[in-house]
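Asker: Sequence and predicted structure below; questions after.
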Amino acid sequence: MPSTKALVRPVSPRLAEGLVTHIERAPVDHALAHEQWGRYTAALRENGWETVEVAAADDHPDGVFVEDTVVVFRNVALMARPGAESRRGETPAVEEALVGLGCSVNRIREPGTLDGGDVLKTGDTVYVGRGGRTNAEGVRQLRAAFEQLGARVVAVPVSKVLHLKSAVTALPDGTVVGYPPLVDEPSLFGRFLPVPEEAGAHVVLLGGGRLLMAASAPKSAELFSELGFEPVVVDISEYEKLEGCVTCLSVRVRDLHT
Ligand SMILES: NC(=O)NCCC[C@H](N)C(=O)O
């Protein structure tokens, strides 16, 4: 049976110190952040995912953004080498959790850098963003790791936002969705659907037509409903203050067969 496990990582007491790059720092309400994480993980479970908690990383303010630490393709976990040095210590516990789930491990090595948030998979296509956190050597290493597994790796420039997946994600039918002012080169994606809000570009595929989305994108949710999808909405305001989005709070492991 295909696995439907989702790695998540508890919120660090130092969350408010998380990195901000493209936006102004705003005060984070820790209690609310905690509550929102609880609702986010509950939404995953209510939609058929078994959440697996990675050991807490209290000294890593950004540890909750677990997506950035790894890219899983088929049964291979390619451990990231985060572009921000302060985040590099987040990876070992994630690796341990993925080995526990039966993944084989590969790694991005120095001088490569790569954040999981820069990698968008849809079918066998793997888009990788070359931007502030992922360098050309990281792209090259990802290509070498995944092309041999049958992936078609497409590199795209990212200059306006933190990560590729801050700019675009993909619907279940493979259509790439993005908020045009933040997308460098929409023509690189086969089918591109513009959405009216920044957070409308962020969807997590829950299964069937269900899309996990942030409450800050009501018009995009309506657009997706009109197209026959089913938005499942969670408020992640405290994570958005740290440039996080719905994708970054979990790693969905879909392709493992157990
Ligand atoms: N994949 C993601 O969108 N990750 C968000 C990471 C936010 C964190 N404050 C960072 O700057 O690394």
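Answerer: All right, it came through fine.
Asker: Those residues of the stretch 101-250 of the chain touching the ligand, which are they?
Answerer: Counting by CB under 6 Å from any ligand atom, the positions of the stretch 101-250 of the chain adjacent to the ligand are G117, L162, H163, K165, S166, L242, E243, G244, C245, T247, C248. Bear in mind the C-beta positions are built from the backbone N, C-alpha and C, glycine included.
Asker: now, among those, which is nearest to R152?
Answerer: K165 (17.9 Å; CB to CB).
Asker: hang on, isn't that closest one packed against V246?
Answerer: No. Checked against CB atoms under 8 Å, the pair K165 and V246 is beyond contact range at 9.6 Å.
Asker: Give me the common contacts of these two.
Answerer: Shared contacts of K165 and V246 (CB atoms under 8 Å, 6 or more residues apart in numbering): H202.
Asker: tally of neighbours for the closest residue to A221 other than its chain neighbours?
Answerer: Excluding the flanking residues, the one nearest A221 by CB to CB, 6 or more residues apart in numbering is P231, at 4.0 Å. Neighbour count of P231, defined by other CB atoms under 10 Å: 22.
Asker: need the contact list for V105.
Answerer: V76, A77, M79, E95, L98, V99.
Asker: Out of those, which comes closest to the ligand?
Answerer: Nearest to the ligand out of those is M79 (CB to the nearest ligand atom; 15.2 Å).
Asker: doesn't V94 make contact with that closest one?
Answerer: Yes. The pair M79 and V94 qualifies as a contact (CB under 8 Å) at a distance of 7.4 Å.
Asker: what comes up buried for stretch 80-95?
Answerer: Buried positions in stretch 80-95, judged by neighbour count with 16 or more other CB atoms under 10 Å: A80, R81, P82, G83, A84, R87, E90, T91, A93, V94, E95.
Asker: which residues does the fourth one contact?
Answerer: Put plainly, it is G83. Taking CB under 8 Å, 6+ apart, we find G83 in contact with T113, L114, D115, G132, R133, T134, N135, G138.
Asker: Can I get those residues in a markdown table including pLDDT, neighbour count and secondary structure?
Answerer: Listed next are the contacts of G83 as a markdown table, based on pLDDT from 0 to 100; neighbours: other CB atoms under 10 Å; DSSP: H, G, I helix; E, B strand; the rest coil:
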| residue | pLDDT | neighbour count | secondary structure |
| --- | --- | --- | --- |
| T113 | 98 | 23 | coil |
| L114 | 98 | 30 | strand |
| D115 | 98 | 30 | coil |
| G132 | 96 | 18 | coil |
| R133 | 98 | 26 | coil |
| T134 | 98 | 29 | coil |
| N135 | 98 | 18 | coil |
| G138 | 98 | 26 | helix |
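Asker: With distance to L256 added, can I get those in a markdown table?
Answerer: As requested, those are exported to a markdown table (distance: CB to CB, whole Å):
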| residue | distance to L256 |
| --- | --- |
| T113 | 26 |
| L114 | 21 |
| D115 | 22 |
| G132 | 31 |
| R133 | 26 |
| T134 | 25 |
| N135 | 29 |
| G138 | 24 |
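Asker: Whichever residue of the stretch 51-200 of the chain sits closest to the ligand - nearest residue in space that isn't next to it in sequence?
Answerer: Closest approach between the stretch 51-200 of the chain and the ligand, counting by CB to the nearest ligand atom: G117, at 2.5 Å. Here the nearest residue to G117 in space, its sequence neighbours aside, is H163; by CB to CB, 6+ apart that works out to 3.3 Å.
Asker: I figured the one you found was touching G131, is that so?
Answerer: Yes. Using CB under 8 Å, H163 is in contact with G131, at 6.9 Å.
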